[in-house]
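K.L.:
Here is my input; please provide its structure:
(4 chains)
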Amino acid sequence: MQKGEMLIGWSTKEDVRKRGGSGGLVTSVLAAALEKKLVDAVVVLRKINEFEAVPIITSDVNEVLNSAGSLHSVPSNFAKLIADRNLKIALPAKGCDVRAIIEQSKRNAINPDNTFIIGLNCGGSMHPVTTREMLDVLYKIKPEDVQGEEIEKGKLIFETKDGKEHAITIDELEEKGYGRRENCRYCMLKIPNNADLACGNWGVTGDLVGKATFVEINSEKGAKLLQNAIDAGYVQIQKPDEKGIATRAKIKGAMEGLGKKWKEKVFVPLDNRLEYFRKELEHCIDCGACKTVCPTCSCGDISKCTEFHSRADPYRMSMYHLVRFLHLADSCIGCGQCSDVCPADIQLARLYRRFANPVQEELKYEPGIDLRKPPYFEAKLEV
Amino acid sequence: MNVYSTICPGCNFGCGLYIRENGKLELDFRKSSPANAGKLCRFGMSLPRFYAPVRSTVDGKETTLDEAAKEAAKRISGGSAAFLSFGNTTCEELLAFQKLAESYLCTGANFDALPKDTHQTLSVGIPYSEVETAKHIVLFIDPYEQYPLILRRLLAAKKKGAKITSVWWKKLAVADETVNPADISKLQLTKDSLVIADFHPFSDVEQVKNVLSIAKNSEARITFLKPFANSTWAYIAAKDAKQKSLAQLVEDINKGTVKTLFCLESDPSELIPQDVLGKLTNIIVQAGQAGAITNKAHVVVAHEPLYKKKGTLINNEGRAQALGGGSTNGLDALGIVAGTKLEFNSLHESVKKSLGIAAVDEFSIPKYERPAYAALQAALKPVEAKTALVSVYNPFMWFNMIDDNDFVEMSLNTSRGLKLLKGGTIKIKSNGSTIEKKFRVAPVQENVLLSCKKFGIEKGTITPVEVSR
Amino acid sequence: MNDTETKSTETKSADVKSSDEKRVGVFVCECGVNIGGVVNTKAVADYVAALPGVKVTSVNKFTCSDSGQADIQQKIKEHNLNRVVVAACSPKTHEPTFRACIEEMGLNQYFLEFVNIRDHCSWIHMWEKEKATEKAKDLVRMGIERSKLLEPLEASEVPVNDTALVVGGGVAGMQAALDLGDMGFKVYLVEKEPSIGGRMARFDKVFPTNDCSICILGPKMVEVARNKNITIMSYSEVKEVEGFVGNFNVKIEHKSRYLDINMCTGCAKCSEVCPVEVPYDFNEGFGTRKAIYVSFPQAVPLRAVLDMENCIKCKACAKACERGAINYEMQPTYTDLNVGVIIAAVGFKTYDPEPRHDFGYGLYDNVITAMEFERLLNAAGPTGGHIVRPSDCKEPIRVGFVNCVGSRDKNTNIYCSGVCCMYTIKNAQLLKEKRPETDHTIMYIDIRTPFRGYEETYNRARNLGVKFLRGRPVEVKEDPTTKNICVRVEDTLAGEIRNLEFDLLVLATGVVPHEGINQIQQLLKLSKAADGLLMEAHPKLRPVDTTIDGVYLAGAASGPKDIPYAVSQGSACASRATILLKNRKAITEGITAVVDPDVCVGCGVCLPMCPFQAIKMDEKEKKANVMKALCKGCGTCVTACPTGALEQSHFKNSQILAQVKNVFKFPEVAA
Amino acid sequence: MSAETAAKVNGWEPKIVAFCCNWCSYGGADSAGMGRFQQPPTARIIRVMCSGRIDPLHVFNAFLEGADAVLVTGCHIGDCHYVNGNDKTKIKYKFLESVVRELGIEKERLQLNWISASEGEKFANFIRDVTEQIKKLGPSPLKPEGVA
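P.N.:
Next up, the predicted model:
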């Protein structure tokens, strides 16, 4: 088993297969890593209902095995949870989680050698409040009646407890202001090749559809992780067929194409940018949640953005936001956590991306992809 | 690693969040929470600081919860005890507390001075979703400083075309028009209007009456936001109890008829003058975190902090929310004080019964009767001072927590008139003491100083002051 | 003092003197008419007198005069001032004066804030007096607000261990070691080769006087060996360096010679019996040496060394050695040194044309480098001083020289190696003198003969009949039968293409940094320029200092140098080092970066910012640590720090922002 | 006040915050004085030890306080007193410049220049040029109310 290899796998445990999506491979790899002491702990989502789950760090294999299932309405980010913990840890991670973990590693807050990242293909996530409203308004079903959800062929499908499926195309949902979080729409990292493994159902074909996971090994650590699960008897694998590999690439391409379109749609050029930013920020109440939640920020409570910002300043814009704009121009990974938690509903991710898109392109610096590239602001000299 | 799903105790808004115990307290955002979609204000973000650990003590000596509760029982048995709670804890505890209080309960709000038929309107607000669909909103609050989570509802309404009128001393960014609080008569309301005001222990009852009449006369909807978590339940549950006002309590302490004050999760040091509190023989505090009052109290009954508790909270909309903790030791302590064993389950059933619900479900709001109230007569006194210091009460002030609002806001003209230096300070004099504060130039009415911080020279909401460079 | 106008702003009664109260005195200088002729100094003083914290203002004709300074000192005393703002000329010239002035009064010298209202105001706004006055008010206000935030600083001293380490036993390093040794300081001279002497030991004759190189170097090598204060550590390398100025801990590895250096006498009996022959590196690969050998007859120390890579362990040498010095199992040994200063004289190598086959080198037998030519010319060389061509060992008649090989060429090294013109002229001249029948053509870009006797050498060569052709060969080919070298070159002076045939072509290869330079650069945390050479602290004014205090550079590691230059640098290093060694202490910068460990999150962004490697990460605590002895106080790391945990003393963010904020004001309202 | 009306107001003088490094550009400003190179009284110089110390934070703060332009100056590349502080300034400035541009602040309002201690005339010309450019643009849109 080596870097670059692609495989199809599933859990050997029947209950995990049943509970988890796509054959429960990710859950089993995590459980095996914990059981065989490859890691001290793993991160899992403790599910409360279809629209709520709490990320926790656990060393309990049963907790891991019981955690199975993908939740599109739990838009969390794990990077800050595992930062500064000094643990040997394995965790499942969407593209934005992986990018954040890499950025934290660059800032010495996560030890990449001790972190096993199981990347999950991700087409986007939804805000739980929006999802509930969407179920009510568009699907006309009670959120409590939902027992499962799936994204397939461009449709968001909810399965209700009576066994019925309710499907609406994502395009339609998003046209009406529902569906994925805005930053997910223009996200371009659909298959996280920056993680140790990249897992997902894209590329699983034939009888295995829905029963197996397609895995790409991106690093030696990834190979170790998967081999460990196989050796522990948690996982079985086989080679994917050519068609599967092609399908996976095709889906990725289509998703990226869609992402690009959204990017153009969201980021239309503005005439008076300064006035736009000023207007957008005028409802800011200085809660600081956007910084607290920001998974690329490794500062503590005290940082330049907060220390040189004073509520007593009569400025037309706040120092806090200007410094944040600067620090995120190179480091923003577009995870959208800031927008999620803003009490004034400021679309912060959109504002940060207004800086990050051109600056990252111009400086040819993409954060969260390559561990070896230091944050641009570090101004490392090329000697 | 323990994670608790909980509600922010900062005000009565009912914001959901997680608290994670991980060596230190960390907070996490509970995005599925219906009241706030996981979002928190400045106070909510400082909850780890708010939850300062507290220990049970008797006359300054550390002891166990049980011993402290026994001592509390002993000290209230004299018969001259008053019971104070604004809320800030579970419905179940409050229910038990009110039974304990029997003859002398104070919830802090001055219901006495307001007609009984307005009490329900003052106690339970309207769902936040109705704010979003309103056509015209009239604000008697500063949403940015006082109840920040209402802001996104106002913005949503605005996006749908609502007009926002603010009756405030400062131009608020969210408002389309600003009416000077002295010119309330100029307000134009219709039955499509929604009035948002607030009701708290420092509320000027005449002003509350005024706001109520304005709404009544135009058939506008009205909702009162409140500063203390679960005060909705504290008020509803107390409506049949022999409730006394804060002013009455102060008078009774001064008279000497109240010698012992038992406070449940409530800090009167912000509301009752220090010298009055000093007259008490016993201050008994049952609380889950340290605060100004726990340092002064003779007996501290330290139960688990709110986030660890099991129980129900009712927010301003009347939404019942379950706390994700498991502890009922607050009830146990109250049981010791009362001399009976208190069962959580039976109290919980009583709460559900009185709300008319089968289960606590934060996604649906129980039905509340909102009886119409009769027309009121308000007698507003104009402020007779050239310059007034207006205190904008917010959670930091109610909980006496340090924040970064150590300045006053005033207009450019006012600052120019005083020849203040840019970046300099202003001297403010009131009640014989002078303070020197930084100032910030903002679109504030002339000769008004707005402050979101307690300086110690203010009396209530509006304080006449003298100012100089 | 009738030239002083004073205004006290104090109301005596309500004066509370709390210890942390900022009490500012402002001293506005008229500088004769230089300031006073344009800026209304009295208006400035009156304006600032009303600012909070200002206790007294004073206008002086010349604040820097004795009376002006006395005024400051008197006011400090009278008004109990703890901050002094002087609004006058440039701090670059007068700051030290006033710092000393307030220090005499017991105030920390960093409590002075100097405002430039002359060079930056009165002199440049001579015709706008009112506006200049307004600007002066702004500048002084900025200074006052900054002054209130100033904090006391102390320059600190670190003790210096009075021993020195010299890395590199070439002529520059030897000179440095000798000078220091003669001054009475203990010196360790570390040389990675079995003998000191460096490149100079390999030269035949040295220009411009054409002395025999080893004849003048040899005695110097012996002198080094005899100097009681110098310990030579030959066949040794620096492996670790920790610490900073005055206190470097250095680990030296003594590579195994496979024989006991104390027992070996250098008699070379072992070499005689050794059956293995390998190409002789000292002779640039010409001829052979044995697997056990003495590097060259004048080697210091004169000891053998066993080349284990080529040894077949026949043990013949062990039998031949009368003293039984040979030990096949010998391991490297290590010495830990503590030294106060380090002189890096790590030398150079000549450019290697082999990989690129410059001018056919490596393809054609009869294209050789100048260093190879040098060894052939040497009487102790492989041919006993006879120049022969490698293809047939015949003595060449027509010899071509190509200059600037590996120099002045954007494909290799852009710089001029400085010495090649001269050594080429010297080589041609030497052969011509030896064998007048030979014919020499030097193909050059420019001939550079800048120093004493150089131009004369050039003229002498021309008079001898050495031909100079300005042009660079465009094509070099070998005649397959004769093995002669055919060169196509444009004579740019004559403007014609020439086809020349030579028996031997000699390439004047340039001076390049050798492989070991990276290691020493990293160990000593030195800076390296884009050309791969080590960087001096300042190219003009501090040519042998480095950015690291207590570390000096001598010789060709910091750029090509001829022998006199290298020797001077050796002496210069010794002289610079003596300042520290003699004083036994080093003064470190008072203005440095400081870390607040409570705020630092250990992200490490600051580390690569520092050109002086003064920041270390405490991996256990996960906090950055500034080593004050290394910090020069530029503040670049402070800018990079995302948390604000790093601050630069005397230029703290709050201090700079106090100035920024006070550029602006509320315009005065008309009464 | 809009830019157009400002431009019409006679005698409006911009306020320019100029950050200078101790060794070169501050010396350049001194040389301008010694050479009596006259320049508009618009610049307020703030001295730092090295241009590498000029934090974008300071630049932002200058704008928010009311600066009509901010100048970042230092030694010529290769002349840094601290080896390569200005190389880092150059990289950081490029980054800052992009952010300021995206923010919507006119490019004339933030400028970088390398000025040696001997280039007094260059310093004076720089201040004059920037002043002219800013006069055309009018006051900064970030200038707070009532501040000059």
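K.L.:
how about low-confidence regions in the stretch 101-250 of chain B?
P.N.:
Residue ranges of the stretch 101-250 of chain B with pLDDT under 70: none are present.
K.L.:
now the strands: where do they sit in it?
P.N.:
Using DSSP state E, counting those that start in this stretch, the strands of the stretch 101-250 of chain B run over B:105-106, B:136-139, B:163-167, B:177-179, B:193-198, B:221-225, B:243-244.
K.L.:
if I look at residue C:90, how far off is chain D?
P.N.:
Distance of residue C:90 to chain D, computed by C-beta to the nearest C-beta, to the nearest Å: 5 Å. (Each C-beta comes from the backbone N, C-alpha and C, glycine too.)
K.L.:
just checking, that residue touches residue C:117?
P.N.:
No: at 10.2 Å, residue C:90 does not count as touching residue C:117 under the criterion of C-beta atoms under 8 Å.
K.L.:
if we can go back for a sec, what's the closest of the strands of the stretch 101-250 of chain B to residue A:213?
P.N.:
Of all the strands of the stretch 101-250 of chain B, it is strand B:221-225 that lies closest to residue A:213, at 49.0 Å by C-beta to C-beta.
K.L.:
How about residues contacting that closest one?
P.N.:
Strand B:221-225 is contacted from outside by B:11-13, B:121-122, B:125-126, B:130-131, B:134, B:141, B:146-147, B:150, B:193-199, B:211-212, B:215, B:316, using C-beta atoms under 8 Å, 6 or more residues apart in numbering or on different chains.
K.L.:
Only the buried members of those residues: can you turn that into a PyMOL selection?
P.N.:
In PyMOL, this line selects whichever of the contacts of strand B:221-225 come out buried by 16 or more other C-beta atoms under 10 Å in any protein chain shown:
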select buried, chain B and resi 11+12+13+121+122+125+126+131+134+141+146+147+150+193+194+195+196+197+198+199+211+212+215+316
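K.L.:
tell me the centre residue of the chain?
P.N.:
Assuming you mean chain A. Centroid-nearest residue in chain A: residue A:94, 3.2 Å away (criterion: C-alpha atoms, centre = their mean).
K.L.:
please go with chain C instead
P.N.:
Chain C has residue C:536 as the residue nearest its centroid, 2.6 Å off, counting by C-alpha atoms, centre = their mean.
K.L.:
Tell me how far that residue lies from chain D.
P.N.:
10 Å.
K.L.:
just residue C:280 next, same as before
P.N.:
Applying C-beta to the nearest C-beta, the value for residue C:280 to chain D is 42 Å.
K.L.:
thought that residue was touching residue C:294?
P.N.:
No: Residue C:280 lies out of contact with residue C:294 (C-beta under 8 Å); the separation is 11.8 Å.
K.L.:
more neighbours, these two?
P.N.:
residue C:294 (22 against 19; other C-beta atoms under 10 Å in any protein chain shown).
K.L.:
List, one by one, the residues from the stretch 51-200 of chain A near chain C.
P.N.:
A:84, A:107-109 (C-beta under 8 Å from any C-beta of the partner chain).
K.L.:
for residue C:94, what are its contacts?
P.N.:
Counting by C-beta under 8 Å, 6+ apart, residue C:94 touches C:64, C:86, C:88, C:114.
K.L.:
What subset of the residues you listed is buried?
P.N.:
Among the contacts of residue C:94, the ones that count as buried by 16+ other C-beta under 10 Å are C:64, C:86, C:88, C:114.
K.L.:
Distance of the last one relative to chain A?
P.N.:
Just to be clear, that refers to residue C:114. 25 Å.
K.L.:
The contacts of residue C:94: which ones sit near chain B?
P.N.:
Of these, not one also sits near chain B (C-beta under 8 Å from any C-beta).
K.L.:
Show me the residues you listed that map onto strands.
P.N.:
The strands, defined by DSSP state E, take in C:86, C:88, C:114 from those.
K.L.:
ok, so of those residues, who is nearest residue A:259?
P.N.:
Distances from residue A:259 to those, taken by C-beta to C-beta, are shortest for residue C:114, at 56.7 Å.
K.L.:
Next, count neighbours for the nearest residue to the residue nearest to the centre of chain A once chain neighbours are set aside.
P.N.:
Closest residue in space to residue A:94, ignoring its immediate chain neighbours: residue A:122 at 4.1 Å, by C-beta to C-beta, 6 or more residues apart in numbering or on different chains. Neighbour count of residue A:122, defined by other C-beta under 10 Å: 24.
K.L.:
Then the one 3 residues further on?
P.N.:
Residue neighbour count, defined by other C-beta under 10 Å, stands at 24 for residue A:125.
K.L.:
Would you confirm that it contacts residue A:75?
P.N.:
Yes: judged on C-beta under 8 Å, residue A:125 makes contact with residue A:75 at a distance of 4.2 Å.
K.L.:
buried sites along stretch C:281-298?
P.N.:
C:282-284, C:286, C:289-296, C:298.
K.L.:
for chain B, which strand is longest?
P.N.:
Looking across chain B with DSSP E, the single longest strand is strand B:433-441.
K.L.:
for the chain, what are the low-confidence residue spans?
P.N.:
All of this is about chain A. For chain A, the stretches with pLDDT under 70 are A:68-69, A:376-383.
K.L.:
Chain D is the one I meant
P.N.:
Along chain D, segments meeting pLDDT under 70 span D:1-10.
K.L.:
Which parts of it are helices?
P.N.:
According to DSSP state H, chain D carries its helices in the segments D:3-8, D:25-34, D:56-65, D:85-103, D:120-137.
K.L.:
Compare those and give me the one nearest residue B:295.
P.N.:
helix D:56-65 (38.9 Å).
K.L.:
Which strands or helices does that closest one pack on?
P.N.:
helix A:319-331, helix C:653-661, strand D:16-21, strand D:69-74, helix D:85-103 (3 or more C-beta pairs under 8 Å, 6 or more residues apart in numbering or on different chains; DSSP states H and E).
K.L.:
please redo it, this time with the cut-off set to 6 Å
P.N.:
helix C:653-661 (3 or more C-beta pairs under 6 Å, 6 or more residues apart in numbering or on different chains; DSSP states H and E).
K.L.:
still on that earlier bit, can you add distance to residue C:324 and give the buried ones among the contacts of residue C:94 back as TSV?
P.N.:
Shown next, in TSV, are the buried ones among the contacts of residue C:94 (distance: C-beta to C-beta, whole Å):
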residue	distance to residue C:324
C:64	78
C:86	78
C:88	79
C:114	74
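K.L.:
what's the closest of those to chain A?
P.N.:
Nearest to chain A among the buried ones among the contacts of residue C:94: residue C:114, at 25.1 Å, using C-beta to the nearest C-beta.
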